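*Asks:* Structure for the following, please:
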Amino acid sequence: MGTWTGGEGVHRPRGSRIAECSSRLPNTSARGEGKKGRLDGNWIEGGPREDVLPWEETGVVSQRLTGLVETTMSCPLPQEILDLIVDHLHDEQATLKTCCVVSKSWVPHVRKHLFARVEFHSSESHVKLWKETFPDPSNSPAHHTRSLSIHGTPVITAADAGADGWIRAFHNVVHLKLSYMDLASVIPFYGFTPTLRSLSLTHVPLDAFNLICSFPLLEDLSLVALLPAQGEDGWKPPSVSPKLTGTLNLRVFENPHSVTHRLLDIPGGLHFSEITTSFFDDEAESVADLVSRCSDTLELLTIEFHPDNGAFPSAPATGQYLTCTRRRV
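*Replies:* Numbers count the residues shown, from 1 in each chain. Below you'll find the predicted structure:
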């Protein structure tokens, strides 16, 4: 599965600029025949070209691709065969990037794998680069994305979640990870995709808990180090409930009772088949209630128990582990 890290998989008119972020372009050995020269690695043989797309260095990128050759060659293989070849390369990110400079006809199917996983980090430039590279969300490759990760607090506004915003373009995302984000940056993701089945929240405010119930097909949930609510704790149980039939990973050492209270309040109930949790001795009752709610569906329970209510453990080895497996007859 490929990961989008810049401007790969983009065709632009001559003279346009495509920016990269957070990765190095491969030092490819692929060759494409052009009218005057040949693309071989980072060099074009045969003299200067007028039909070359410039690339720029940004962020940690230290390698410059001199240009992309417009090829005129035609491939004798049917498109269906070419697509099967690209499918076999779905885990070869560097090769997928190289395929984008071979022929325009290769790009649409390459994008399916190259943009299957998209990651935005704390730098504001990542979101900015995405919006500049794909100004029209309806034509962006976001619909190919199945896994979306956002780490840190880039500039995300309510407009980004609107009908013409870039967030709604990721409407086929199945796995979502949000970490180290404030409430204002989390709100635009409420119900942004109807296909989400896995949600991971790390170091986000407890106010964002309603996000969980905005995805009706949600099965797997991970809650790690949630922060206290930024405003008044006006928690009200939602009227709808996700499926919650997969795995629950619960590692909350600050206000754990508030988290378990919210989980127990979800109207449709909890139906997790696997639970992994860490807690201190004074939280045992809340965890017991959580496990009890899943008694009909629970198959695997892993507990990391910390006898004294001290600080957040510096390493997992500070706790005592208990794993229980339920064997169905």
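*Asks:* in the sheet, who's paired with residue 198?
*Replies:* Beta bridges link residue 198 to residue 175, residue 220, judged by DSSP bridges.
*Asks:* can you give me the helices in the stretch 51-200 of the chain?
*Replies:* Taking DSSP state H, counting those that start in this stretch, the helices of the stretch 51-200 of the chain run over residues 79-88, 93-99, 107-114, 124-133, 183-186.
*Asks:* In JSON lines: those helices, plus mean neighbour count and distance to residue 288.
*Replies:* C-beta coordinates here come from the backbone N, C-alpha and C atoms, glycine included. Output for those, formatted as JSON lines (neighbours: other CB atoms under 10 Å; distance: least, CB to CB, whole Å):
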{"stretch": "helix 79-88", "mean neighbour count": "13", "distance to residue 288": "47"}
{"stretch": "helix 93-99", "mean neighbour count": "21", "distance to residue 288": "45"}
{"stretch": "helix 107-114", "mean neighbour count": "21", "distance to residue 288": "45"}
{"stretch": "helix 124-133", "mean neighbour count": "18", "distance to residue 288": "42"}
{"stretch": "helix 183-186", "mean neighbour count": "17", "distance to residue 288": "30"}
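*Asks:* Rebuild those helices as CSV, extending it with mean pLDDT and distance to residue 251.
*Replies:* Converted to CSV, the helices of the stretch 51-200 of the chain look like this (pLDDT from 0 to 100; distance: least, CB to CB, whole Å):
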stretch, mean pLDDT, distance to residue 251
helix 79-88, 84, 37
helix 93-99, 85, 31
helix 107-114, 88, 32
helix 124-133, 84, 27
helix 183-186, 88, 19
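*Asks:* For those helices, give me a markdown table that also has distance to residue 204.
*Replies:* Output for the helices of the stretch 51-200 of the chain, formatted as a markdown table (distance: least, CB to CB, whole Å):
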| stretch | distance to residue 204 |
| --- | --- |
| helix 79-88 | 36 |
| helix 93-99 | 29 |
| helix 107-114 | 28 |
| helix 124-133 | 17 |
| helix 183-186 | 6 |
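*Asks:* Mind checking the ones you listed for the one nearest to residue 211?
*Replies:* Evaluated over the helices of the stretch 51-200 of the chain, closeness to residue 211 peaks at helix 183-186, with 6.2 Å, by CB to CB.
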